[in-house]
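Engineer: no sequence on this one, just coordinates:
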């Protein structure tokens, strides 16, 4: 087959999106998708025996797993080229393909392979390697986008790469929430969170922030003033009043969070920024209910006005 001769490939592993070049007699033929169709037909047991033997002579691997990987790799490669990283959210879909789920699965396979390697090094037995990512596949993914499988949270790495891309394109590090939104990520809010949560980061994360992005930890004077218990009660009450005014009741879903606008002089402003405060309102009414006998009369009255069910 000409593809094998032209590329020097040892096996007939054609990229899913490969189309024959103009200088070929069969220019423009979608060879990648055609072979994918042959794989699917073979998997269903409907491919003529003669056709099975003919491509096999060219080194074709009749593997559904290989086909699935090639299809995912095509979507991942395109995603990375357009988005500038290979850290899609798990729900991401590209041209109808669930690229987010696919990359998540490859990340799991890579970590499985790492765990197996550690066990072998320690002289411990290793179970089946069927779910582990091969070195060849890992190399392909690393070539597309180094850092696709971080040791920490993928969301953190995605924001890091987006800020890095911003700097490489002549931008500056965003310092205010709500000003720079890229691919749905509030980069200013993320930068602020890193500066104020510096001690909770891993040493490698701090090194990346400092040496790659030029981000330093917040000075002591920048740290927010700790809220008192009275401040926290007032903030939660405002969130409950806002929810009640909008919904007409106080039956708050347990996982609900409410965004409360800050007020001048209220002490609610976070890091000196005029931005909404996130209140985990879902659990607050239940906690208040459990402490009902310890609440002041005024606090109970404030909740009664909202239709609190004790």
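Structural biologist: Cool, got the structure. Predicted, not measured: the structure shown is a model, and the values here were computed from it.

Engineer: how close does the residue nearest in space to the middle of the chain get to residue 162?
Structural biologist: Geometric centre of the chain, nearest residue: residue 89, 3.7 Å, by C-alpha atoms, centre = their mean. Distance, residue 89 to residue 162, using C-beta to C-beta, to the nearest Å: 12 Å. C-betas here are computed from N, CA, C, even on glycine.

Engineer: what's the answer for residue 287, then?
Structural biologist: With distances taken as C-beta to C-beta, residue 287 is found 36 Å from residue 162.

Engineer: go on, residue 120?
Structural biologist: 36 Å.

Engineer: more crowded one of the two?
Structural biologist: Neighbour totals were compared for residue 120 and residue 162, and residue 162 leads with 21 against 11 (other C-beta atoms under 10 Å).

Engineer: how about the nearest residue to the more buried one, chain neighbours excluded?
Structural biologist: With C-beta to C-beta, 6 or more residues apart in numbering as the criterion, residue 162 has its nearest non-adjacent residue at 4.9 Å, and that residue is residue 182.

Engineer: please name the bridge partners of the one you found.
Structural biologist: residue 185 (DSSP bridges).

Engineer: start at 39, not 1
Structural biologist: New numbering, starting at 39: the last item is residue 220.

Engineer: ok, it touching residue 204?
Structural biologist: Yes. Using C-beta atoms under 8 Å, residue 220 is in contact with residue 204, at 7.0 Å.

Engineer: residues contacting the closest residue to the residue nearest to the centre of the chain other than its chain neighbours?
Structural biologist: Excluding the flanking residues, the one nearest residue 127 by C-beta to C-beta, 6+ apart is residue 138, at 5.3 Å. Residues near residue 138 by C-beta atoms under 8 Å, 6 or more residues apart in numbering: 126-131.

Engineer: narrow the residues you listed to just the buried residues.
Structural biologist: Burial by neighbour count, 16 or more other C-beta atoms under 10 Å: within the contacts of residue 138 this picks out 126-127, 130.

Engineer: need those in TSV (columns: distance to residue 252).
Structural biologist: Shown next, in TSV, are the buried ones among the contacts of residue 138 (distance: C-beta to C-beta, whole Å):
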residue	distance to residue 252
126	26
127	27
130	29
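
Engineer: now go through those and say which are in strands.
Structural biologist: Per DSSP state E, strands hold no members of the buried ones among the contacts of residue 138.

Engineer: pLDDT weak spots in the stretch 139-288 of the chain?
Structural biologist: 261-262 (pLDDT under 70).

Engineer: helices along that one, start to end?
Structural biologist: Using DSSP state H, counting those that start in this stretch, the helices of the stretch 139-288 of the chain run over 173-182, 192-206, 225-234, 241-246, 267-285.

Engineer: show me what counts as buried in the helix or strand following the last one.
Structural biologist: This means helix 267-285. The helix or strand immediately downstream of helix 267-285 is strand 296-298, counting by DSSP states H and E. Buried residues in strand 296-298, defined by neighbour count with 16+ other C-beta under 10 Å: 296, 298.

Engineer: re earlier: out of the helices of the stretch 139-288 of the chain, which gets nearest to residue 260?
Structural biologist: Closest to residue 260 of the helices of the stretch 139-288 of the chain is helix 225-234 (C-beta to C-beta; 7.6 Å).

Engineer: who does that closest one touch, helix- and strand-wise?
Structural biologist: Contacts defined by 3 or more C-beta pairs under 8 Å, 6 or more residues apart in numbering; DSSP states H and E place helix 225-234 against helix 192-206.

Engineer: what does the helix it packs on contact?
Structural biologist: With C-beta under 8 Å, 6+ apart as the contact definition, helix 192-206 has outside contacts at 122-123, 125, 127, 145, 185, 188, 210-212, 218, 220-221, 223, 225, 228-229, 243, 246-247, 250-251.
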